[in-house]
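Student: have a look at this prediction, sequence included:
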Amino acid sequence: MKKTIIGITGASGSIYGKRMVEVLLENQIFVVLIATENGKKVFSYELDLDFEFWSNGLKDKYENFSVEDIDNLFAGVASGSYDFDNVIIVPCSMGTLGKIANGISSNLLMRAADVALKERRDLILVPRETPLHQIHLENMLKISRCGGTIMPAMPGFYHKPQTKEDLVDFVVGKILDYIKIEHNLFNKWGK
C-alpha cells in the first residue's frame, strides 16, 4: 500500500489539503496527516469546519489514516527508515517553504520534508501565494535543485470548470498525476 504524508500549513487554500486527503483515502492510499497550528486555524476559518472534528471523523471511517502531532519528532515519519512514498504539503506557506529550502527541521512536517529530500522521495510543495518576491522564488529554486517539486495552486480552465470544486479538483488531480495515481477529477486535455 502506498503511503503519503500530507502537510497542511497556515497558507490560504485549506480546501486543497482537505480534498487531497479525502481523495487519497478513497483510493486506498495510507495517509499520515501533519498540520501546523496555523494550518488548523486557517482550515477551520476558511472551511467553517473544525479541523479536529474533520480529522477525527476520518480516523473513525478509515483504517488507512493517521494524524501526527507537529511537535512529535519521535514519530516514525521523522526517520529515513520509515517507509513512505512522498510528502505533499498542500497548502504550503512561504514560511514553511523557506525553512525547508534552508534545511531547518524545527517540527515534524519540516523534518518529514527533509527526509523526503535526503532519501530522494517525492516532495511536492503547493504554495498558494501571490505575488512572489525574490526570496520566495530563490527558495523555490533551492527546493527544485534538491529534487523537490513546486506545484503552485494554479487551476486550469481548459476543462471548463463550473464550480469551485471543479477548480480544486483540477489542482488535486495534477498532484495525483505527478505521483501516478489514476483519477477522473477533471477531463485531461485531448480526451
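Tutor: Okay, I see it. Residues are numbered from 1 along each chain as shown.

Student: from here on, contacts and neighbour counts on C-alpha atoms
Tutor: Fine.

Student: max-length helix in this protein?
Tutor: helix 164-178 (DSSP state H).

Student: which helices and strands does that one pack with?
Tutor: helix 14-26 (3 or more CA pairs under 8 Å, 6 or more residues apart in numbering; DSSP states H and E).

Student: residues making contact with the helix it packs on?
Tutor: 6-8, 30-31, 39, 42-43, 46-47, 62, 64-65, 89-91, 168-169, 171-172 (CA atoms under 8 Å, 6 or more residues apart in numbering).

Student: one more time with 7 Å, if that's ok
Tutor: With contact meaning CA atoms under 7 Å, 6 or more residues apart in numbering, helix 14-26 is reached by 8, 31, 42-43, 46, 64, 90-91, 168, 172.

Student: which pair in the residues you listed spans the largest distance?
Tutor: Glu46 and Asn64 (26.0 Å; CA to CA).

Student: okay, the two: which has more neighbours?
Tutor: A direct count of neighbours by other CA atoms under 10 Å for Glu46 and Asn64 places Asn64 higher, at 17 against 12.

Student: spatially nearest residue to that one (excluding sequence neighbours)?
Tutor: The shortest distance from Asn64 to any non-neighbouring residue, by CA to CA, 6 or more residues apart in numbering, is to Phe30 (4.5 Å).

Student: quick check: the one you found vs Glu182, distance?
Tutor: Taking CA to CA, to the nearest Å as the measure, Phe30 falls 16 Å from Glu182.

Student: with Lys160 instead?
Tutor: From Lys160 to Glu182 the distance is 20 Å (CA to CA).

Student: check Leu25 too.
Tutor: The value you get for Leu25 to Glu182, if CA to CA is used, is 13 Å.

Student: got it, and Trp189?
Tutor: 15 Å.

Student: looking at those two, which is more packed in?
Tutor: Glu182 (10 against 7).

Student: and Asn72, that's in a helix?
Tutor: No. Using DSSP: H, G, I helix; E, B strand; the rest coil, the assignment for Asn72 is coil, not a helix.

Student: return the residues in contact with it.
Tutor: Taking CA under 7 Å, 6+ apart, we find Asn72 in contact with Leu108.

Student: try it again at 10 Å.
Tutor: Contacts for Asn72 (CA atoms under 10 Å, 6 or more residues apart in numbering) come out as 78, 107-109.

Student: what's the answer for Glu119, then?
Tutor: 79-81, 113.

Student: likewise Phe65?
Tutor: Taking CA under 10 Å, 6+ apart as the test, what Phe65 contacts is 3-4, 21, 24-25, 28-33, 55-56, 58-59.

Student: give me the nearest residue to it, chain neighbours excluded.
Tutor: That would be Val31: by CA to CA, 6+ apart, it lies 4.9 Å from Phe65.

Student: show me what the one you found bridges to in the sheet.
Tutor: Thr4, Phe65 (DSSP bridges).
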